[in-house]
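1. Pasting the sequence and the predicted coordinates here, then a few questions.
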Amino acid sequence: MTKLSVNINKIATLRNSRGGNVPNLLKVAADIEDFGGEGITIHPRPDERHIRYQDARDLKNTVRTEFNIEGNPIQSFMDLVLETKPTQVTLVPDSVDAITSNAGWDTIMHQSFLQEVIKEFQNNGIRTSIFIDTDRKLIEAAAKTGTDRIELYTEYFASEFDKGNKDVVKPYAEAAILAHKLGLGINAGHDLSLENIKFFKENIPNLAEVSIGHALITESLYLGLENVVNMYLHRLK
């Protein structure tokens, strides 16, 4: 069964746009879990323009399901993860000024760096995942880093699916099959939505978890957060 982890960055963006504590990030996270969400994801960035580092500390004490922290393993991020000890850390090669994640890791070029980072997190009991494209050589190199999982970067899938190109799912399926053979767990995320999640899930074997934020929150403006969480859960079953 594929777990749904809800990325709440957009809730933090809304809160920060006005100041104060409305909407209350901790309450929203708790409500998502009450609605059936199986995990909470955050992606703090160095400028703290949405999720703040203190949010990660506060959420650690309130999240009852799986807690996933995404980000580029610069020193301040590593210190935060080691302090909060989430269920999972997802390593993403974001530049400091990235609006959103826009590339997976080159696990060949950065293999030794990733090995070192992953070992540190695993020694502290934190499951690791690497944000990655579908290239076979990169997935094989990811396995050599010692990571527990990969997260398939699905922006291209979502873009092509919107154009009616359903064959775009094939390289993702092949990547998942290879990753599974190499002993890696498979996550996925970026631009997955109510429109494409069922098709993606049906075609990706051994999909352990999806992390969905932007689409889920915007869909909730029309349909309501509780309803949308359950719509995703229905499509993932």
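-> Ah, there it is.
2. Could you check how far the residue positioned nearest the centre of the chain is from Gln88?
-> Compute the mean C-alpha point of the chain, and by Cα atoms, centre = their mean the closest residue is Ser211, 4.1 Å away. According to Cβ to Cβ, to the nearest Å, Ser211 stands 10 Å off from Gln88. Every C-beta, even on glycine, is put in place using the N, C-alpha and C of the backbone.
3. Over to the residue nearest to the centre of the chain. Which of the three states is it?
-> Under DSSP: H, G, I helix; E, B strand; the rest coil, Ser211 falls in the strand class.
4. Distance check, it against Tyr153.
-> 11 Å.
5. Quick check: neighbours shared by those two?
-> Shared contacts of Ser211 and Tyr153, defined by Cβ atoms under 8 Å, 6 or more residues apart in numbering, comprise Gly189.
6. part of a helix, is Pro44?
-> No. Counting by three-state DSSP, Pro44 is not found in a helix; it is coil.
7. Report the spatially closest residue to it, excluding sequence-adjacent ones.
-> The shortest distance from Pro44 to any non-neighbouring residue, by Cβ to Cβ, 6 or more residues apart in numbering, is to Ile51 (4.3 Å).
8. Which element, helix or strand, includes that neighbour?
-> Per DSSP states H and E: Ile51 is located in neither a helix nor a strand.
9. what sits against it?
-> Listed by Cβ under 8 Å, 6+ apart, the contact set of Ile51 reads Ile8, Asn9, Ala12, Ile42, His43, Pro44, Arg45.
10. Can you read off the pLDDT for it?
-> On pLDDT, Ile51 comes in at 97.
11. circling back to that earlier point, how about the nearest residue in space to the residue nearest to the centre of the chain that is not next to it in sequence, phi and psi?
-> The shortest distance from Ser211 to any non-neighbouring residue, by Cβ to Cβ, 6+ apart, is to Gly189 (3.8 Å). The phi/psi pair for Gly189 (degrees, to the nearest 10) reads phi -180, psi 160.
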